[in-house]
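Enquirer: For reference, the sequence and a predicted model appear below.
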Amino acid sequence: MDLLETRAIGASLERMDGRLKVMGTAPYAFEQRVDRPAYLHPVQSTIARGRIHSIDTSAAGRVDGVIAVITHWTAPRLASDESKELWVLQSNEVHFRGQFIAAVVAETLEVARHAADLLRVEYEPAAHDVGFRAGREDLYAPKTVNAGYPTDTDQGDAEHAFNAAEVRMDETYSTPMEHNHPMEPHSTVAVWESEKLTLYDSTQSAHSVRNAVAKTFGLRGEQVRVISPYVGGGFGSKGEPHAHNILAALAALRVPGRAVKLALTRQQMFTLAGHRTPTIQRFRLGATRDGHLKAIIHEVVEQTSRFQEFAEQTAVPTRLMYAAPNRRTRHRLAALDVPKPSWMRAPGETPGMFAGEVAMDELAAACGLDPIELRVRNEPERDPESGHPWGNRHLVACLREGARRFGWSGRDPRPGRRPEGDWLIGSGVASSTYPRYVLMGSRASIRFNDGRYGVRIGAADLGTGTWTTLTQIAADALGCPPESIRLEIGDTDLPNATVAGGSSGMSSWGWAIVAAAREFRRRHGSRPPSGAEASAETPEGADDETFAQHSFGAQFAEVRVNAQTGEVRLARMLGVFSVGRIINPRLARSQLIGGMTMGLSMALHEEAVMDERLGHIVNHDFVGYHIATNADVIDLDAVWLEEVDDRSTPMGSRGIGEIGIVGAAAAIANAVYHATGRRVRQLPITPDKLVT
Amino acid sequence: MKTSITLRVDGEQRSLQLDTRTTLLDALREHLGVTAAKKGCDHGQCGACTVLMDGRRVTTCLSLAVACDGATIITAEGLARDGTLHPVQQAFLDHDALQCGYCTPGQICSAVGMLEEARAGHPSFVTKGLALAAGLSDEEIRERMSGNLCRCGAYVNIVAAVRDAMGKTGFPS
Amino acid sequence: MTPFDYERATDASSAVARVSAQPNAVFLGGGTNLVDHMRLGVARPELVVDVTRLPFSAIEPLPGGAIRIGAGVRNSDLAADRTIRSRYPVLSQALLAGASGQLRNLATTAGNLLQRTRCAYFQDVTVACNKREPGSGCSALDGHNRDHAILGASQQCVAVHPSDMAVALAALDATVIVLGRHGERRIPVTDFHRLPGNAPESDTVLEHGELITAVELPALPVAERSAYYKVRDRASYAFALVSVAAALHVSHGRVEDVRIAFGGLAHKPWRAVRAEATLRGAPATEENYRRAAEAELVDARPLKHNAFKIPMARNTLQMLLRQLAAGAR
């Protein structure tokens, strides 16, 4: 690997978009200035399955200020139904409760919403099925799971080895349906003018939205422009386009020349922005008496929508964590009348490592071993399934460093030994992991003008720090100070960029910038003339898999549990990560503690509850669906091993956006066990599960 | 029904003709182009729409604009004077107390309002004996700022920023 | 939201007359519950009468040591009031346990009393709810009822009253002062909110058009040693799973006086008269605190998802009384 010489990389530069953000003037999608906008308010189905029989729009149409009422009878025809999710207002079919079935365009927000309320819909409902259970007879194996991984894997004879093992652990864990809930709701402002559609959007990939919208509408790519400079969070839910993008564009076609503004309500975010599937995971571990694993069996049941498949790769992290000669992983899906699941921070790793890392804790207890020692004993020399050598695996170092910082030695492993008044104190540990992904197809262009280098690439900053970190990478790649760089991102008029997902952004875009910079210097030397330019893509072979390249980490948590009420409160939390070279320590720490905070929230608070009679999520707002508040987060910090990954990217980095959440919930669950002696295997760990 | 109101927003007198249904939040965002107040939930459950109204921090999504006629509003944009950031804003930058930035203006107005409340001796739920000591502990800051959700999880840095700003704004500590 | 006229009331009597005369008129305080419901379509008034400029914003001492709290006093100001903090700390704590700093700056005393249940089915106009539409059914009865009532419920409605302030007021024997077309009346707060019975659409005993003008607290020495505990799923900004307001005076090892009210258990704040009767004069022991709690909860009827509220309420009361007796709060 031809590593960059670093000067800007590694510096804790202040966030470049920070000033605009603290003043509140950075324009998010809905805030982009447009002339005389019209407002769009959708109508959603109140049945989970069936057909629309009729929609009486007469009352809505009479409201002063209504511009258009759009139903599947009147909506413009789309060209491609390759994505069922994006096949919006094209048929009378209803696939899930909350689906878009009509929309009102009006002069004001209030008129649009009021008129939408006046639509009278009659349905031909069909019996719906949203019953998520492990015992269903119609569970099926998808062809692959998300990110193209095999659905099932087998090595040796796991069942036999498990049954013959000296120590056996067989438990079932479950995680609930969860929602990403970025603070900025999904929003699009769409304008159709002179055969061109412009979308001001909030997305993790402007080019993905452009491509999907162009395809769906049968437009040429050049006819669609997506602009997304500032994104108020995504966490995966803005990684692919969703129905609201199409709805806004449909409405724009109906009122050519006028901008149409749509922002999902928080309630609508529960059905139209993707979700993390609930999981039921049976985890079996068979080991020798001194804790050497002989068998690992991880069987996952999760859901998908009936109309379009998404299979979360929940058992995949199990395939690489620990050594054992006999292994089996399985994914089975229940196809239900629910919205299509989608990515939520570290899909697969997050729920899978909850089960796996609590299971390891249970095995440690059964073997009478310290949980860190158990993991050290089962550290695999090579990737257990592919057999590939590791490219920089440092899990054990993270566990040891964390143990030292957290004060793990001298911990009495027996549960329930630390009462403090009405509170029980306990601590727990869990491993963390996330793959190193590089996505192919990003291109960066560099143009020198007036003493500055314009760097252009359609990347995205969702709070991830891209505005700053790509500037740092460009500076070092070109050998100039960051002040000489003028970065442009978040626009399809810029060169193609892959999605801000899979923690691959810095690696993929950064590599493209490095390649472009090297090409620039090769062509124009160190004193380029004004107007000199060059461009390049992430090079061939960047996603090479000769080495198994993954990041690892260790999560430590201490909790307090009220023995009277069952309330669980965090006391302190530490994550130690091995993630390659850190581009910007200040921003990296924010990403990691952000992920850990989301993991805390997952452990203790989050659950979307489906009412099966209605086929809808009952707790569809922030009062019912809890995310962690400021008061929940006590003494939480993240550190990393100082390292440079010489295999991963020329920056020496690997990607850090998602690993923070992985393992966090398990560490907390293990801490709750240590505090109380009660093992809670179903998230979230709420007081009702502990009160006696 | 339409109605006329005036508001003083970030130092400027503004007059509006509005539907009575328009909230203060939408009046700011859609009618006045003041987007520092942000819509995160529109139901008073997240705090992203927080501004200072007549000196107090309030959520704006559940306030009818017509009921606020005559009010003085300061948003995060108005806290900065002549390009100089308010100490709380500067502290947020110094401590990277933001990531995506969507909750940030609301956090900042909330912090400014909260420090005023503490200065006036207002207790919080965690104030021992309901008697506020000289300064705010981290526990106090966390509780008082809990009306502002942050999904990016910048809380740890938000607390550090508020603590820092507290010291710089002459707050006894 | 349906269109509506907005008027600002200049005096209480005309406000009462105005709203009384129009069936779909409502009073507007801080708006933190009403506007929420208007946006959800749960409330559809055609006339909104803003009463925040009426002269009800003072907290005044009354002869004999009682306190009069204006209906328009903001929750944050009430919680911060020095007299309330020292003489009725449970009220201050209860207020501070509710909502967020920003919401407390807007919410008024009257509005807090009148806020409606946060039952997710009540707030969703696309599902059946007897409180919204009498006779349409109760979706919570066989639904997701983790947050719902274990005391005083009916087959028509299992909703819970969400206010923390009201729980403290119930423990303190507060009185609600109300102005109607026919003059003023005084309603003990424990009679102000109803149990659902067969008329779940009525949260309170108020007639349409009646306006709360004040809440009075009696002089109550036992309130000086009082506190509020709120059990929540997260550390802040959440409604109660169970809450307890309690005041306790122990002398020579015996309970001389006690006041207890529960939140999160019923359609109204639950004044725990049986628990109080069990405790008055009895030795101030943990065992007696527990017995008192059990006496109060003997008629608890758990639903499918909220049986945990029984041990939670019992344990919380026991813990809070123990802490009050020890002077720990």
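Expert: Alright, I've got the coordinates.

Enquirer: What segments of the stretch 201-350 of chain A are strands?
Expert: Under the criterion DSSP state E, counting those that start in this stretch, the stretch 201-350 of chain A carries strands at the ranges A:224-227, A:260-263, A:279-287, A:293-305, A:326-336.

Enquirer: Tell me which of the ones you listed sits nearest to chain B.
Expert: Evaluated over these, closeness to chain B peaks at strand A:260-263, with 6.8 Å, by CB to the nearest CB. For the C-beta atoms, the positions are set from N, CA and C on the backbone; glycine is no exception.

Enquirer: Run the contact check for that closest one versus chain C.
Expert: No. Using CB under 8 Å from any CB of the partner chain, strand A:260-263 never reaches chain C; the gap is at least 14.0 Å.

Enquirer: Looking at chain C, what residue ends up closest to chain B?
Expert: Taking CB to the nearest CB, chain B has its nearest neighbour within chain C at C:Ser100, 2.4 Å off.

Enquirer: How about the stretch 351-500 of chain A?
Expert: Taking CB to the nearest CB, the stretch 351-500 of chain A has A:Gly463 as its residue nearest chain B, at 2.9 Å.

Enquirer: residue contacts, the closest residue to the residue of chain C closest to chain B other than its chain neighbours?
Expert: Spatial nearest neighbour of C:Ser100, chain neighbours left out: B:Gly147 (2.4 Å); criterion: CB to CB, 6 or more residues apart in numbering or on different chains. Neighbouring residues of B:Gly147 by CB atoms under 8 Å, 6 or more residues apart in numbering or on different chains: B:Gly47, B:Thr50, B:Thr59, B:Ser110, C:Ala99, C:Ser100, C:Gly101, C:Gln102, C:Leu103, C:Tyr237.

Enquirer: before we move on, the earlier item: tell me, how many neighbours does the residue of chain C closest to chain B end up with?
Expert: Here the number of neighbours of C:Ser100 (other CB atoms under 10 Å in any protein chain shown) works out to 26.

Enquirer: same check, this time on the one 3 residues further on
Expert: Taking other CB under 10 Å as the neighbour definition, C:Leu103 ends up with a count of 23.

Enquirer: okay, now the domains of chain B?
Expert: The record, using automatic domain parsing to delimit domains, assigns chain B the ranges B:2-78, B:87-168.

Enquirer: right, and B:Leu5 touches B:Leu64 too?
Expert: Let me fix one detail, which is that residue B:5 is Ile and not Leu. No. Using CB atoms under 8 Å, B:Ile5 is not in contact with B:Leu64; the gap is 9.9 Å.

Enquirer: the more surrounded of those two?
Expert: B:Leu64 (27 against 20).

Enquirer: picking up where we left off before, a markdown table please, covering the contacts of B:Gly147 and showing secondary structure and distance to A:Thr538.
Expert: Putting the contacts of B:Gly147 into a markdown table (DSSP: H, G, I helix; E, B strand; the rest coil; distance: CB to CB, whole Å) gives the following:
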| residue | secondary structure | distance to A:Thr538 |
| --- | --- | --- |
| B:Gly47 | coil | 40 |
| B:Thr50 | coil | 42 |
| B:Thr59 | coil | 45 |
| B:Ser110 | helix | 42 |
| C:Ala99 | coil | 49 |
| C:Ser100 | coil | 45 |
| C:Gly101 | helix | 47 |
| C:Gln102 | helix | 46 |
| C:Leu103 | helix | 48 |
| C:Tyr237 | coil | 43 |
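
Enquirer: ok, these vs B:Ala134, which is closest?
Expert: C:Gly101 (19.9 Å; CB to CB).

Enquirer: Please identify the helix or strand for the nearest residue to that closest one once chain neighbours are set aside.
Expert: Leaving aside its chain neighbours, C:Gly101 sits nearest to B:Gly147 (5.1 Å; criterion: CB to CB, 6+ apart). Of the helices and strands defined by DSSP states H and E, none includes B:Gly147.

Enquirer: So for stretch A:494-502, first residue to last residue, what's the gap.
Expert: One end of stretch A:494-502 sits 22 Å from the other (CA to CA, to the nearest Å).

Enquirer: The residue of the stretch 351-500 of chain A closest to chain B: what's it in contact with?
Expert: Counted by CB under 8 Å, 6+ apart, A:Gly463 has contacts A:Val231, A:Gly232, A:Gly233, A:Gly594, B:Leu98, B:Gln99, B:Cys100, B:Gly101, B:Cys152.

Enquirer: repeat for A:Ile280
Expert: A:Phe132, A:Arg133, A:Ala134, A:Thr172, A:Tyr173, A:Ser174, A:Val300, A:Val301, A:Glu302.

Enquirer: and the residues you listed as JSON lines, adding pLDDT and distance to A:Val429?
Expert: Output for the contacts of A:Ile280, formatted as JSON lines (pLDDT from 0 to 100; distance: CB to CB, whole Å):
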{"residue": "A:Phe132", "pLDDT": "98", "distance to A:Val429": "30"}
{"residue": "A:Arg133", "pLDDT": "97", "distance to A:Val429": "32"}
{"residue": "A:Ala134", "pLDDT": "97", "distance to A:Val429": "28"}
{"residue": "A:Thr172", "pLDDT": "98", "distance to A:Val429": "22"}
{"residue": "A:Tyr173", "pLDDT": "98", "distance to A:Val429": "17"}
{"residue": "A:Ser174", "pLDDT": "98", "distance to A:Val429": "22"}
{"residue": "A:Val300", "pLDDT": "98", "distance to A:Val429": "23"}
{"residue": "A:Val301", "pLDDT": "98", "distance to A:Val429": "27"}
{"residue": "A:Glu302", "pLDDT": "98", "distance to A:Val429": "26"}
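
Enquirer: out of these, who's nearest A:Asp412?
Expert: The shortest approach to A:Asp412 among the contacts of A:Ile280 belongs to A:Tyr173, at 25.5 Å (CB to CB).

Enquirer: Name the nearest residue to A:Phe270, ignoring sequence neighbours.
Expert: A:His620 (4.3 Å).

Enquirer: picking that back up, what subset of the contacts of A:Gly463 is buried?
Expert: Buried residues within the contacts of A:Gly463, counting neighbours by 16 or more other CB atoms under 10 Å in any protein chain shown: A:Val231, A:Gly232, A:Gly233, A:Gly594, B:Leu98, B:Gln99, B:Cys100, B:Gly101, B:Cys152.

Enquirer: elements contacting the helix or strand hosting C:Arg314?
Expert: Per DSSP H and E, C:Arg314 falls inside helix C:309-325. If contacts are counted by 3 or more CB pairs under 8 Å, 6 or more residues apart in numbering or on different chains; DSSP states H and E, helix C:309-325 sits against strand C:226-231, strand C:242-251, strand C:254-263, helix C:286-297.

Enquirer: Show me what from chain C comes close to chain B.
Expert: C:1, C:3-6, C:8, C:28, C:30-32, C:35-36, C:38-40, C:48, C:50, C:52, C:76, C:79-80, C:85-86, C:89, C:92-93, C:96-97, C:99-103, C:105-106, C:235-237.

Enquirer: Can you give me every residue that contacts the residue of chain C closest to chain B?
Expert: With CB under 8 Å, 6+ apart, C:Ser100 has these contacts: B:Gly47, B:Thr59, B:Ser146, B:Gly147, B:Asn148, C:Ser236, C:Tyr237.

Enquirer: Ranking by neighbours, what's the top pick from the residues you listed?
Expert: That'd be B:Thr59 among those, by other CB under 10 Å, with 36 neighbours.

Enquirer: tell me the contacts of the closest residue in space to that residue that isn't next to it in sequence?
Expert: Leaving aside its sequence neighbours, B:Thr59 sits nearest to C:Gln102 (CB to CB, 6+ apart; 4.6 Å). By CB under 8 Å, 6+ apart, the contact list for C:Gln102 reads B:Gly47, B:Thr50, B:Arg57, B:Val58, B:Thr59, B:Ser110, B:Gly113, B:Gly147.

Enquirer: Quick check: chain neighbours aside, which residue is closest to the residue nearest in space to the middle of chain A?
Expert: With distances taken as CA atoms, centre = their mean, A:Arg345 lies nearest the centre of chain A, 2.4 Å away. The spatial neighbour of A:Arg345 that comes closest, neighbours along the chain excluded (CB to CB, 6+ apart), is A:Phe235 at 4.6 Å.
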